[in-house]
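> need coordinates for the below:
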Amino acid sequence: MTPAVLGLVLFASVAHALWNIAAKSVSGKGYAFVLAYHGLSAILLAPIAIWLLASGAHEFSPSLLGAAALSAIFHIAYSVSLQSGYDHAPLGVVYPTARGVGPIITIIIAVLFLGERPTPPETIGAFVVIAGIAVVTVRPKGAGGGHATSSHGVGRGLAWGGLIGTFIASYTLWDDFSVNHITDSPLLYFAVSEACVAIIMALGIVTIPGGPSRRADFRSIVSGHKRALVTVAILSPLAYLLVLFAMQQAPVSLVAPVRETSIIVGTLLAWWFFGEKNIAMKLTGAVVVVAGIGLIALG
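Prediction:
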């Protein structure tokens, strides 16, 4: 992985962590908030997509629409399962499991089925990054979390985390295939995908059970959470667009683990802004992650 591509992914990680900090301020209105920020992102990206098509730089095709629609389904499944996981199991189990399982599945499939062959230092570095993330996200016994840390709660957390991680790997691998084989414009692809997410979720909010309460949540978010909504709507697509560009220039088996360094940034920001404890272990994990990134860069 070249320094330029590594810089793209690391910058994306910072943007990802920042929008997650903003999203943390909105609670209990998951579906409506996801619809609101994806909808705003789609609106912001629409003029760019129209310009790309009108200028003749890129073409719209049924294959592009189909690929973007499938990507949208994967992203919706990820977002909805993430919210459900946090509602039914400890955050300290769901989050690290999901962020660890996603890159591991991605690496295995990329190597076994997609023919990617990272160098030995890059392979070691990828798993060192994942190990460092595990150190950062581990919660010591007795730490608060809103859910009982019983074996039953841990089991549910591992199950939800595994499901979420599977969706992370699914959209990562599919998007990598799409921007390398279906379209050469990550920007147009992502703009169409965001529009598909917004349309599918908007249809869902009027057809699935509990629609009236979700529509009330949507109005509440638009009127009372403007700062968080705009922040996420801008930084979330920016972060993932940088990842899509990176996946055109580097193996997905390396991009996937490096982009999870957002956990490190987010953890340190949470410590800085919210006074979270256990900073010594978090810094130790950060050092491990940096070592892993160094191996990937050298490879």
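
> and Thr119, how many neighbours?
Residues contacting Thr119 under the criterion other CB atoms under 10 Å number 14. For glycine as for every other residue, the C-beta is placed from the backbone atoms N, C-alpha and C.

> can you pull the pLDDT of it?
On the pLDDT scale, Thr119 is placed at 82.

> separation between the closest residue in space to Arg156 that isn't next to it in sequence and Leu158?
Spatial nearest neighbour of Arg156, excluding adjacent residues (CB to CB, 6 or more residues apart in numbering): Ala89 at 4.1 Å. Going from Ala89 to Leu158 by CB to CB, to the nearest Å gives 8 Å.

> next one: Pro118
Pro118 is 27 Å from Leu158, by CB to CB.

> neighbour-wise, which of Ala89 and Leu158 wins?
Applying other CB under 10 Å to Ala89 and Leu158 shows that Ala89 carries more neighbours, namely 23 against 16.

> wait, doesn't that one sit right on Ile164?
No - using CB atoms under 8 Å, Ala89 makes no contact with Ile164, being 10.5 Å away.

> count the neighbours of Pro212 for me.
When neighbours are counted by other CB under 10 Å, Pro212 registers 10.

> quick one: what helix or strand has it in it?
Using DSSP states H and E, Pro212 sits within helix 211-224.

> that helix packs against which elements?
Judged by 3 or more CB pairs under 8 Å, 6 or more residues apart in numbering; DSSP states H and E, helix 211-224 is in contact with helix 30-54, helix 186-207.

> residues in contact with that helix?
With contact meaning CB atoms under 8 Å, 6 or more residues apart in numbering, helix 211-224 is reached by Val26, Gly28, Lys29, Tyr31, Ala32, Phe33, Leu35, Ala36, Ile205, Val206, Leu229.

> tell me the angle that helix makes with helix 30-54.
Between helix 211-224 and helix 30-54, the angle comes out at 70 degrees (axes from the mean of the first three to the mean of the last three CA atoms, to 10 degrees).

> what is the subsequent helix or strand relative to helix 211-224?
helix 226-247.

> now do the following helix or strand past that next one against helix 226-247, angle only.
Using DSSP H and E, the next helix or strand after helix 226-247 towards the C-terminus is helix 252-259. Taking the same axes, to 10 degrees, one finds that helix 252-259 is oriented at 150 degrees with respect to helix 226-247.

> quick check, Tyr240 in contact with Phe190.
Yes - in this structure, Tyr240 is within contact of Phe190 by CB under 8 Å, at 6.7 Å.

> neighbour count: these two, which is higher?
Taking neighbours as other CB under 10 Å, Tyr240 and Phe190 compare with Phe190 leading, 27 against 22.

> which residues does that one contact?
Residues counted as contacts of Phe190 (CB under 8 Å, 6+ apart) are Leu45, Ala68, Pro237, Tyr240, Leu241, Leu244.

> hmm, 10 Å instead?
Applying CB atoms under 10 Å, 6 or more residues apart in numbering to Phe190 gives the contacts 41-42, 45, 48-49, 68, 71, 175, 178-179, 183, 237, 240-241, 243-245.
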